[in-house]
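# 3D, please:
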Amino acid sequence: MSAGVSDRSTALARPVPVAAKLARTLDEAGPDALVVIDRRGDLIPLGRLRALSLASRAAGFTLFALTAFFMFQALGGIGLALPVGLALWQAARRARWSAQWRVAALIQAGRLDEAEALCEALARRPGGRQGRVWLHRNRSVIASRRGRHDLALDETRAALKRAAGRDDAAIELLALQEIRLLCDVGRVGEARARLDGRSAPSRGEVVIVQRWLTEQYVQFHENRPALDEDELWRRAQRALKLSGGAPLLALCAWAYVARRDDDMAEHLTGEAADRFVPWMKRASPSLWRFVEERLGRALPDGAEGEAGEP
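I've put the predicted structure just below:
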């Protein structure tokens, strides 16, 4: 049963615990895993991510201790105002980032109403540019999983606008997401123009796979497969290794149908269906309609915003 406004308020006041599941490797990343990447677009291993978090906390504590010591030596008790203010600022910053990670975990758990309510609460609080980019991106994901592609496109473009001037893998992923959403709202020509205007990445495993997905998504909506046999085989083999590779597998299956290779198409379609989760059907209805036609059966769907949705 979908939560109402009063249910959302209760969930925020007394939140049910939820923990984000971080991917250890790209191959093991399921369809709802959180993937943390570096500036080049490579996945940051879980151990390294924990080490970076500990180092950040240690650096913050050291800065506070040193500032407090020297300010107290110079100005006495009144000198502690600066380090206390710094500590409060750091605490507020950490609280906001904790809330933003909770949004991502709620989306991962299928608790979209709670995630949306927390986004609304965060939007009313002051925050830096990076936090606003994260907020718009999560709003886009929520809208997409509900099949509200126009809203998802607006939120993705708001994130890109906030991130203007930055040039890293996270921004490239947002740009590729915008292209796929343009296909979802029927603006395929614009999607093609934007895709052709972006150079293909030469490094960053996460960005490269997302580029493949976007290229084939545009081709699917154009109904014009364009990969040669060797490249299609390479991508299909890579997709088979990905726990969260259902959309790419489905797109490769479509390309093999166009090549009249029914055996390979059937194999990839079955693999895509095995890794399918219900929100994918609302996020990419045309693609999964193709899969259902090939399977000869309907794939399960879930109610939007429903707790427990995959």
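
# D32 and M280 touch, don't they?
No - contact between D32 and M280 fails when scored by CB atoms under 8 Å: they sit 10.3 Å apart. C-beta here means a position set from N, CA and C on the backbone, and glycine is covered the same way.

# Who has more neighbours out of the two?
Counted by other CB atoms under 10 Å, D32 and M280 do not tie: M280 has more neighbours, with 22 against 19.

# Name the helix or strand for the more buried one, please.
M280 is located in helix 279-283, with elements delineated by DSSP states H and E.

# just R211 next, same as before
helix 205-222.

# E293 now?
Assigned by DSSP H and E, E293 belongs to helix 285-295.

# buried set for that helix?
By 16 or more other CB atoms under 10 Å, the buried positions in helix 285-295 come out as L287, W288, F290, V291, E292, R294.

# Could you pull up the residues touching the second one?
What it means is W288. A250, F276, M280, K281, L299 (CB atoms under 8 Å, 6 or more residues apart in numbering).

# residue ranges of the helices in the stretch 51-200 of the chain, please?
Listed in chain order, the helices found in the stretch 51-200 of the chain under DSSP state H, counting those that start in this stretch are 81-108, 112-123, 129-145, 149-162, 169-184, 188-196.

# to the chain's geometric centre, what's the distance from stretch 188-199?
21 Å (CA atoms, centre = their mean, to the nearest Å).

# What distance do you get for S140 to P300?
24 Å (CB to CB, to the nearest Å).

# Of the two, which one has the most company?
S140 (25 against 9).

# And for that one, nearest residue in space, chain neighbours not counted?
Sequence neighbours aside, E155 is the residue nearest to S140 in space, at 3.7 Å (criterion: CB to CB, 6 or more residues apart in numbering).

# show me what contacts that neighbour?
Contacts of E155 by CB under 8 Å, 6+ apart are H136, R137, R139, S140, A143.

# what element comes up after the helix holding R211 heading to the C-terminus?
Past helix 205-222, the next helix or strand by DSSP H and E is helix 229-240.

# Packing partners of that following helix?
helix 205-222, helix 246-258, helix 262-274 (3 or more CB pairs under 8 Å, 6 or more residues apart in numbering; DSSP states H and E).
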